[in-house]
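> Just to be clear, the model below is a prediction. Sequence and coordinates:
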Amino acid sequence: MIKGKKVVDKMMQNDLFSQWLGIEVVEVGEGTCLLSMTVKEEMTNGFKIAHGGITYSLADSALAFASNVFGVQSVSIETAIAHQGKVVVGDILTASCTLQKQTKKLGWYLVSITNQHNEIVASFKGTVFKTEKVWE
C-alpha cells in the first residue's frame, strides 16, 4: 500500500480536470492537503467572475487528495459549498483541506479557499466513504 504524497502524485497523473484547472499540490500531510491555482479567463461566467464550479472543483480536489493520503481509496458521498467572496481572473486561490473526524468507513473534512490577499472566498465541507481498496 502506498501513502501520502505518492498517492496524490498517482491520482494527479490521471486527473485531467485538476490538470486543466492548473492545480498545484503545495503540501500533503496526514488528512490534510494544500492546493493552489490561478483563475483564468475561460473560467468566468456571464458576470465576468469565476464560475462557482471553479472554487467547488478546487475544493473537491483538495478533499479527494486529503482523504486518500492514508492509502485507502476514498470517494466523496456528500459535499456542500458556501461562496463568500468574488473571484476574478488572475486571482490565486489556495484550498486548505483538513480532516475533522473519521471512523472506520467515513471521514469528515473542511476546506477553506482563500485568495492571494488571504481573504476567504469559499468554505466547503465534505464527507467521504472509505472503500476496502488500497492504493498499490
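That came through, no problem.
> tell me what the biggest helix by length in the chain is packed against?
Counting residues, the longest helix found in the chain (DSSP state H) is helix 52-68. When contacts are defined as 3 or more Cβ pairs under 8 Å, 6 or more residues apart in numbering; DSSP states H and E, helix 52-68 packs onto helix 5-14, helix 16-21, strand 24-29, strand 32-38, strand 72-83, strand 92-102, strand 106-114, strand 120-134. C-beta coordinates here come from the backbone N, C-alpha and C atoms, glycine included.
> could you give the angle of it to helix 5-14?
Helix 52-68 and helix 5-14 are oriented at 140 degrees to each other (axes from the mean of the first three to the mean of the last three Cα atoms, to 10 degrees).
> Please give the centre-to-centre distance between helix 52-68 and its chain.
Put simply, helix 52-68 sits 2 Å off its chain's centre (Cα atoms, centre = their mean, to the nearest Å).
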